[in-house]
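>>> Okay, sequence plus prediction incoming.
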Amino acid sequence: MTTDIVPHSGAGPANSRKRRRNDPAQYDELAGEWWRPSGEFAALHWLAASRAEHIPPAEHAGAVLVDLACGGGLMAPHVARLGYRHVGLDIGLPGLELARDHGVLPLRGSVLAVPLADGCADVVLAGEILEHVEDDVGVLAECARLLRPGGTLVLDALAAGWLSVVINVHLLERLPGGPPRGLHDPALFVDRDRLLAAADGLGLDLDLVGLRPSLRDAVAWRLGRRAGVRMKPIRSTAVVFAGYGRKR
């Protein structure tokens, strides 16, 4: 397996301007926020910790974890503790440079055409990416292709439906710790039934569970009494959901 290591350009993020919803350039402009636990991407820290709870420790030396849409590399501390070679793929250079600085092997490319070999990964992460692409099933197909038989898939995404739009767009984009305004396009939110059907056809055994932040933790975090917020599993997958699976 080979990876393209991103050179450090020293260039800063692009000048901020009004953009269409779900414009990837927003992540370049907000690159300085990735590692601020109380910054614009605070909730992504909480989700990263939640993902880590469902990744098994590496079973052999050289085990590979592929982190699709890795951004600034927020999974890096968790993955390092679990013993994997951490390969992070993204299209944004500023985020990849940060990820590299935190120990991730950076690879620039599309989540719809990952430049890695079939069956190369023991674990694939697809965190907060399915609702940012027009072909979420195509991303799932890449996850299945990359995984070895018995490999682990961990994903999370925003669900399609009116309740999800109201909470994730109209409410959370206006609250501290929520996503920056304009980060999500509701038209791309994920149809869970279609996702599960596609997973089965791709040889993935996938279970979905709803997630929500601990309200007590969120209040303590807002008051500066906690560094982060735990994500709690819930029965409803109608707003934010996680998927945990294995390749058959």
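Received the coordinates, thanks. Keep in mind it's a predicted model, so treat the numbers as computed, not measured.

>>> Tell me which stretches of the protein form strands.
For the chain, applying DSSP state E gives strands covering 64-68, 85-90, 105-108, 121-127, 147-158, 204-213, 231-234, 240-247.

>>> can you list these in TSV and add mean pLDDT and mean neighbour count?
Using the backbone N, CA and C atoms, a C-beta is placed for each residue, glycine as well. Shown next, in TSV, are the strands of the chain (pLDDT from 0 to 100; neighbours: other CB atoms under 10 Å):
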stretch	mean pLDDT	mean neighbour count
strand 64-68	98	26
strand 85-90	98	26
strand 105-108	98	21
strand 121-127	98	25
strand 147-158	98	21
strand 204-213	98	17
strand 231-234	98	16
strand 240-247	98	22
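
>>> Just send these back as TSV, with distance to Val79 too.
Formatted as TSV, the strands of the chain follow (distance: least, CB to CB, whole Å):
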stretch	distance to Val79
strand 64-68	5
strand 85-90	4
strand 105-108	11
strand 121-127	9
strand 147-158	11
strand 204-213	20
strand 231-234	18
strand 240-247	16
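
>>> residues making contact with stretch 36-48?
Stretch 36-48 has contacts (CB atoms under 8 Å, 6 or more residues apart in numbering) with 30, 32-34, 71-72, 74-75, 78, 127-128, 156, 172, 176-180, 211, 213, 221, 227-231.

>>> at 6 Å what do you get?
30, 33-34, 74-75, 156, 177, 180, 227-229, 231 (CB atoms under 6 Å, 6 or more residues apart in numbering).

>>> Out of those residues, which end up buried?
By neighbour count, with 16 or more other CB atoms under 10 Å, these hold 30, 33-34, 74-75, 156, 177, 228-229, 231 as buried.

>>> Just give me the least confident of those residues.
The member of the buried ones among the contacts of stretch 36-48 with the lowest pLDDT is Gly177, and it reads 60.

>>> so what's the residue lying closest to Trp46 once chain neighbours are set aside up against?
Closest residue in space to Trp46, ignoring its immediate chain neighbours: Val229 at 4.7 Å, by CB to CB, 6 or more residues apart in numbering. When contacts are counted by CB under 6 Å, 6+ apart, Val229 touches 46, 213-214, 217-218, 221.

>>> From Ala238, how far off is the residue lying farthest from the centre of the chain?
Most distant residue from the mean C-alpha position of the chain: Leu223, 26.4 Å away (CA atoms, centre = their mean). Here Leu223 is placed at a distance of 29 Å from Ala238 (CB to CB, to the nearest Å).

>>> Low-confidence regions, this structure specifically.
1-18, 176-178 (pLDDT under 70).

>>> Mind doing that once more with 90?
1-20, 22-26, 29, 37-40, 172-183, 222 (pLDDT under 90).

>>> What segments of the chain are helices?
25-29, 42-52, 76-82, 93-101, 136-146, 162-165, 192-201, 215-222 (DSSP state H).

>>> how close does Ala227 sit to Trp46?
For Ala227, the distance to Trp46 - CB to CB - is 10 Å.

>>> Repeat that for Cys70.
Cys70 is 17 Å from Trp46, by CB to CB.

>>> more crowded one of the two?
Cys70 (29 against 23; other CB atoms under 10 Å).

>>> these two touch, right, the more buried one and Arg100?
No. Cys70 lies out of contact with Arg100 (CB atoms under 6 Å); the separation is 10.1 Å.

>>> show me the contacts for Val124.
Counted by CB under 6 Å, 6+ apart, Val124 has contacts 66, 143, 146-147, 153.

>>> Could you do Gly62 as well?
By CB under 6 Å, 6+ apart, Gly62 has no neighbours at all.

>>> where's it relative to Leu153, distance?
Gly62 is 20 Å from Leu153, by CB to CB.

>>> Equivalent analysis for Asp28, please.
Counting by CB to CB - Asp28 and Leu153 are separated by 28 Å.

>>> would TSV of the contacts of Val229 with distance to Asp185 be doable?
Formatted as TSV, the contacts of Val229 follow (distance: CB to CB, whole Å):
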residue	distance to Asp185
Trp46	22
Pro213	22
Ser214	28
Asp217	29
Ala218	25
Trp221	27
